[in-house]
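Visitor: quick one: sequence and predicted model below, then my questions.
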Amino acid sequence: MMKKMFTKSIIVALLGMITAVPAVQAADMGMKPMMVERAKILKDTGVFGAFNAYKVTQEWALLPAETRMNAVDEVTSLIEKYKGKVLVDMYLTRGLEAQSDFLIRLHAYDLKSDQEFMVEFAATTLGRYSMPTETLVGVTKALNYIDKKQSPSLNAGLKSATYSAAPPRYFLVVPVKKSAEWWNMTQEERLKKMEEHTAPTLAYLVNVKRKLYHSTGIDDTDFITYFETDDIEAFNNLMISLASVPENLYQPRWGSPLILGTIHTPEEVVKALAM
Amino acid sequence: MMKKMFTKSIIVALLGMITAVPAVQAADMGMKPMMVERAKILKDTGVFGAFNAYKVTQEWALLPAETRMNAVDEVTSLIEKYKGKVLVDMYLTRGLEAQSDFLIRLHAYDLKSDQEFMVEFAATTLGRYSMPTETLVGVTKALNYIDKKQSPSLNAGLKSATYSAAPPRYFLVVPVKKSAEWWNMTQEERLKKMEEHTAPTLAYLVNVKRKLYHSTGIDDTDFITYFETDDIEAFNNLMISLASVPENLYQPRWGSPLILGTIHTPEEVVKALAM
Amino acid sequence: MMKKMFTKSIIVALLGMITAVPAVQAADMGMKPMMVERAKILKDTGVFGAFNAYKVTQEWALLPAETRMNAVDEVTSLIEKYKGKVLVDMYLTRGLEAQSDFLIRLHAYDLKSDQEFMVEFAATTLGRYSMPTETLVGVTKALNYIDKKQSPSLNAGLKSATYSAAPPRYFLVVPVKKSAEWWNMTQEERLKKMEEHTAPTLAYLVNVKRKLYHSTGIDDTDFITYFETDDIEAFNNLMISLASVPENLYQPRWGSPLILGTIHTPEEVVKALAM
Amino acid sequence: MMKKMFTKSIIVALLGMITAVPAVQAADMGMKPMMVERAKILKDTGVFGAFNAYKVTQEWALLPAETRMNAVDEVTSLIEKYKGKVLVDMYLTRGLEAQSDFLIRLHAYDLKSDQEFMVEFAATTLGRYSMPTETLVGVTKALNYIDKKQSPSLNAGLKSATYSAAPPRYFLVVPVKKSAEWWNMTQEERLKKMEEHTAPTLAYLVNVKRKLYHSTGIDDTDFITYFETDDIEAFNNLMISLASVPENLYQPRWGSPLILGTIHTPEEVVKALAM
Amino acid sequence: MMKKMFTKSIIVALLGMITAVPAVQAADMGMKPMMVERAKILKDTGVFGAFNAYKVTQEWALLPAETRMNAVDEVTSLIEKYKGKVLVDMYLTRGLEAQSDFLIRLHAYDLKSDQEFMVEFAATTLGRYSMPTETLVGVTKALNYIDKKQSPSLNAGLKSATYSAAPPRYFLVVPVKKSAEWWNMTQEERLKKMEEHTAPTLAYLVNVKRKLYHSTGIDDTDFITYFETDDIEAFNNLMISLASVPENLYQPRWGSPLILGTIHTPEEVVKALAM
């Protein structure tokens, strides 16, 4: 039974203080540590990727500057706490996207770990003053079409070059949904179209990094395509060439939302929001 | 006539105290107890299933931690009170879905009982600080196509295996709407397509549980498909095979929203939200 | 010029007291009493039906319980005040619909009377703490197709049976929009399709009540179909049979939203919301 | 630099007082008076019409009744101030539309004058507590098809009758968008379809008033059709006949939103909202 | 750790004072000055244009008038601070668009600079009390079709006339998305359609200014078309002629939203909002 009367402002103040206490334990969610290495988990199959776009609320801007700045440590501590089982990246979308201010990308071998991190994040000061506006979940898999067996020369092409441009400052997330007509084609028909899709992309291996997640039935999209680049105009050219192949006739969703932002450390992202 | 002046904060505090008083009676809604058994009601036909996705409001996070924690008992007491006539399951979607934080699934022999529970839930502290974001209502029925008579061998296939994987930690809800063209086909034509639909699903009986609700005319969907699994990648493969049969050409809605989350006790769900 | 300083909480308190004063007159809206009889107005043509779905705001739940309970009398008094010119029904959708908590259905011989009631309702405590989420307006007319002259045997079928099941506890509102192709067919072509539509519905005359409103050009739908039943599964079967006739190929909107709820007295509805 | 500490309630009170001070001047927007006559501007071509639908916020209802009532004079004074260059009409949509409470229709020979009025309106008490929910902008032009030269007999028909029914109490706004197929037809093809469109409307000249605004490229619609009538059922019949001609096959947008409301003086509209 | 208790109103007041302190530095975002000249950057290719539409919140109107007026200097100072690397234009959409009150258009040789400005803008008083409602990002490129080589005579036509009407008071932003069918046509087929598109636009070179941004894959549109004019009716005629060529059959998005507003100095825009 509650005895004391709290005014809203006292509650806000108390919340401010919460930021100084250690992050509480995720209750009854059975975390069992498991080692996560950045380079490895970003290449492994069977990895669950989750993209969470957030918008800070108007009230965030009314918090004392000190409280907002304390949120930085709170977020970095949480990331540190989870480093054994979840790889966490944060991005800044403010100013480039109306629907979000920042994006959190997670990778874990167990989807539940992604969720556990997000549940704890929601309990931080930044999490309490942010609303998720888009969540995308997918899983990494081996190549479906352009592998050594089905399409050996294009597969060799894919391996012939690697990213060699300036370190990417931009990322893009593009959800893609294929039509029922696409899925009802044979593997051969789809392979042909994916070859047409892949050919013009070879030239961009040097300045656009790419990663693919499969989402059919686990989200309202079939694929999440994730890109990093330092050359937005080159990326625009790449995407025009992908728009111009027959495969695109089978894509009722391509973006919607397309999310564009910049790559930073989590500390930089929270500081930019706390300005 | 109101005599005392209440400040908003006093009202918030009073509301906090409400959590300690016994849940009030649903006024004039004619509840008549009727026994509900989990195993039975999940298999019976003529059962009303209701799925209610909720988002907690920003103000929830500003309540004193004690008030939030008291909400746990309040919810579990309400579930206990209704156990004779409504089977209540709660799920955690926070971190995996932007549009909701938790989901309540109800089963009752009388749809009105589902509503009575939800009306009382709305009067709890958690209910007062949550907004429903999606509600789906359906009824269970006997098999329409793949029964012993119309499709004996596939029907046998469906019965040949049962779930034998690790206890499912994940659930998925996928609303499905069929086009007018679908409904205007003959039963034979639709049976053929449902056989093509069913064949590739047999392999997943061991690691994906499934339940179907019929919603034509009682909601803006024709079916609610509900799944439980511990293997999200296997589920993704199952859904790709369902996307790849001709039946899918007649499905203007498949998801939208698809809801993905984790399976917990109600106590665990409310505690995670109260962190 | 305002002299006194009002705090928000004093305003809230004052608002609470407003509930005890008699409802103010609709200013300058020229009401002229006209007798409304339930049985007659529900059968007459040239009657304006208005459906107003509402969602209570989060602040409603923070009002003192006494203020919420006072809202009951305020609403019933307003309905009494208008009984000479508007027939008012209230329904509970909370727990079955995410987008609304209650629905008000109005019938009047003059559409302006419907609006006058709603304007005064908006000034009640419940109205001040509710937001309309959907409004549908239509007018009743004589039968367009299945009348004695155009389709005598089906017309006789429609008159051969009346509702004889348990008193309906559920209502459903389903807006229907026909395509430009539909409206460009001849009356004969449409009559044929409406006969196909009507035949399978005869069997449900005993357990589903139906009422039709015409809305072309006065709302973003062509028809509002309103149903009452006590047997939701039978209703689901009726709607499947309506989905399965060629007429349905010309219906780009069927629901969206479909609104499902329960039938109560206005007093019961407001009490349930005031819990 | 701000010296005093303002509580939110003091700010609300101060805002209430603002209503008594003369409306401030639109800063640096270069108004140059120009005479507007109702009868003339409603017939002239090259006139800019703007339709602004508004929803009052929940906070409006919490203002002291006196402040709400003071808003009446503030709005009528502003209309008076602009009468030389903008013709302002206000309508009540509350109770008939979920998305708005009132509508402002403006006519000016210079679109910028419409905007200047709206900017000052936004600074009134009612404007501060209202959110625009829909804005439509169009320009009046000479007849495109049914003129003396292209379609002499129908043109004569259009001039053969004028509105002779009871003064209209209702208005309707229906945005219409034509498809790319429509615009790619020849003038002759479109003329033929517009003749089919016009023929059935002649019978309604006596009880439905109509006005057309062109919006291609200046808003997300091609036309804004505005109607006044006292006979909503006749209007419904007119719109059914417009739905039933081939032209309608080329109209992807017809309404969405269709806006229905009642005709009042601005004073009546603000008083109804201030109840 | 926070020691003092802040009431919401004190925070609002403190925020008011923030407006007088110098804008804080963008943390760790690596700004490197680079000279921006208006005339040059508006003609160069490889320039990143960003369009950010904003809606002020209801709370903005409750701030003391002095605080709102201080916001003017804060915005102009920020623009001054960035003038070396970002060209900033502000427009007023209030009263002409429901979804926004103002628009910021940015040009920079580095997209990141656009974002840096927007992040600092979000930290100003106006930024804190505004929500972005639409963001469009594109890049300028050389002509794709109507260049000297592919279409010499039309290219000459484009150069034959320049804007000679009164200084434009209006701007329009129209996002355009082409279909997959469009992108799958050959360059020759698309060139032919772009010639049909360009021919009728020559007559409007004298009274409509135009600028094109490419967005495929970097936003949910393919092009952002930006116009300035003083003659809205002429613009409407131009857009009708663009709607009437075959190219338009390949444009699933044309506007949505189309944004219309007036051209002002930043100072004028903020003052109009601060009225």
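Guide: Perfect, thanks for sending it.
Visitor: for residue A:140, give its distance to residue C:95.
Guide: Separation of residue A:140 from residue C:95 (C-beta to C-beta, to the nearest Å): 40 Å. Bear in mind the C-beta positions are built from the backbone N, C-alpha and C, glycine included.
Visitor: so for these two, which residue has more residues nearby?
Guide: Neighbour totals were compared for residue A:140 and residue C:95, and residue C:95 leads with 28 against 19 (other C-beta atoms under 10 Å in any protein chain shown).
Visitor: counting contacts, what elements does the helix or strand containing residue A:76 pack onto?
Guide: Assigned by DSSP states H and E, residue A:76 belongs to helix A:65-81. In terms of contacts (3 or more C-beta pairs under 8 Å, 6 or more residues apart in numbering or on different chains; DSSP states H and E), helix A:65-81 is packed against helix A:8-18, helix A:111-122, helix A:125-128, helix A:266-274.
Visitor: and the shortest one, what's buried?
Guide: So that's helix A:125-128. The neighbour-count check on helix A:125-128 (16 or more other C-beta atoms under 10 Å in any protein chain shown) flags A:125, A:126, A:127, A:128 as buried.
Visitor: do I have it right that the first one meets residue A:71?
Guide: If I follow you right, that is residue A:125. Yes. Applying C-beta atoms under 8 Å as the test, residue A:125 and residue A:71 come out as touching, 4.4 Å apart.
Visitor: closest point of the stretch 51-200 of chain A to chain B, which residue?
Guide: residue A:118 (2.7 Å; C-beta to the nearest C-beta).
Visitor: wait, that residue sits on residue B:97?
Guide: No. With contact defined as C-beta under 8 Å, residue A:118 does not reach residue B:97; the gap is 10.2 Å.
Visitor: pull the residues that contact stretch A:37-50.
Guide: A:87, A:104-111, A:114-115, A:118, A:135-142, A:211, A:213, A:224, A:226, B:95-96, B:232-233 (C-beta atoms under 8 Å, 6 or more residues apart in numbering or on different chains).
Visitor: end-to-end on that stretch?
Guide: Using C-alpha to C-alpha, to the nearest Å, the end-to-end distance of stretch A:37-50 comes out at 17 Å.
Visitor: and stretch A:84-96, by the same measure?
Guide: End to end - C-alpha to C-alpha - stretch A:84-96 spans 32 Å.
Visitor: near chain E, anything from that stretch?
Guide: Yes. Stretch A:84-96 comes into contact with chain E (C-beta under 8 Å from any C-beta of the partner chain), by way of A:92, A:94, A:95, A:96.
Visitor: is it true that the third one touches residue E:112?
Guide: No. Judged on C-beta under 8 Å, residue A:95 makes no contact with residue E:112 at a distance of 9.7 Å.
Visitor: re earlier: just the ones of the residues of stretch A:84-96 next to chain E in strands?
Guide: If you go by DSSP state E, these have residue A:92 in strands.
Visitor: between the residues of stretch A:84-96 next to chain E, which has the most around it?
Guide: Ranked by neighbour count (other C-beta under 10 Å), the residues of stretch A:84-96 next to chain E have residue A:95 at the top, with 29 neighbours.
Visitor: and the nearest residue to it once chain neighbours are set aside, what does it touch?
Guide: Among residues not flanking residue A:95 along the chain, residue E:118 sits closest, at 2.7 Å (C-beta to C-beta, 6 or more residues apart in numbering or on different chains). Taking C-beta under 8 Å, 6+ apart, we find residue E:118 in contact with A:94, A:95, A:96, E:50, E:52, E:104, E:106.
Visitor: count the residues that sit near the residue nearest to residue A:134 when sequence neighbours are not counted.
Guide: Nearest non-adjacent residue to residue A:134, counting by C-beta to C-beta, 6+ apart: residue A:53, 4.1 Å away. Number of residues near residue A:53 (other C-beta under 10 Å) recorded here: 26.
Visitor: before we move on, what about the one 3 residues further on?
Guide: Residues near residue A:56, counting by other C-beta under 10 Å, number 19.
Visitor: that one is in contact with residue A:101, isn't it?
Guide: Yes. Contact criterion C-beta under 8 Å: residue A:56 and residue A:101 qualify, at 5.1 Å.
Visitor: residues that sit against both of these two, list them.
Guide: Common contacts of residue A:56 and residue A:101 (C-beta under 8 Å, 6+ apart): A:130, A:273.
Visitor: which stretch of helix or strand covers residue A:225?
Guide: Going by DSSP H and E, residue A:225 is part of strand A:223-229.
Visitor: quick check, that strand touching chain E?
Guide: No. Using C-beta under 8 Å from any C-beta, strand A:223-229 stays clear of chain E, with a minimum separation of 8.7 Å.
Visitor: roughly how far out does that strand sit from the chain middle?
Guide: Centroid displacement of strand A:223-229 relative to its chain, using C-alpha atoms, centre = their mean, to the nearest Å, is 9 Å.
Visitor: how about stretch A:157-175?
Guide: Mean-position distance between stretch A:157-175 and its chain equals 16 Å (C-alpha atoms, centre = their mean).
Visitor: cool, stretch A:184-195 as well?
Guide: Offset of stretch A:184-195 from its chain centre (C-alpha atoms, centre = their mean): 28 Å.
Visitor: does chain B sit close to that stretch?
Guide: Yes. Stretch A:184-195 comes into contact with chain B (C-beta under 8 Å from any C-beta), by way of residue A:184.
Visitor: just the buried residues of that stretch, please?
Guide: The neighbour-count check on stretch A:184-195 (16+ other C-beta under 10 Å) flags A:184, A:185, A:190, A:191, A:192, A:193, A:194, A:195 as buried.
Visitor: now swap in stretch A:151-168 and tell me
Guide: For stretch A:151-168, the buried set under the neighbour-count rule, 16+ other C-beta under 10 Å, comprises A:151, A:154, A:155, A:157, A:158, A:163, A:168.
Visitor: thinking again about what came up before, quick one: the contacts of residue E:118 as a markdown table, columns for pLDDT too.
Guide: Below are the contacts of residue E:118 laid out as a markdown table (pLDDT from 0 to 100):
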| residue | pLDDT |
| --- | --- |
| A:94 | 98 |
| A:95 | 98 |
| A:96 | 98 |
| E:50 | 98 |
| E:52 | 98 |
| E:104 | 98 |
| E:106 | 98 |
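Visitor: quick one, domains of chain A?
Guide: Domain ranges of chain A: A:38-139+A:264-274, A:152-262, per automatic domain parsing.
Visitor: can you give me the end-to-end span of the shortest one?
Guide: This points to domain A:152-262. 35 Å.
Visitor: next: the longest one.
Guide: Looking at domain A:38-139+A:264-274, the gap from its leading to its trailing residue is 27 Å under the measure C-alpha to C-alpha.
Visitor: any idea of the pLDDT on residue A:30?
Guide: Looking at residue A:30, its pLDDT is 42.
Visitor: my error: substitute residue A:41 in the last question.
Guide: pLDDT, residue A:41: 98.
Visitor: where does the nearest residue to it once chain neighbours are set aside sit, in terms of helix or strand?
Guide: Among residues not flanking residue A:41 along the chain, residue A:107 sits closest, at 5.0 Å (C-beta to C-beta, 6+ apart). When elements are assigned from DSSP H and E, residue A:107 belongs to strand A:102-108.
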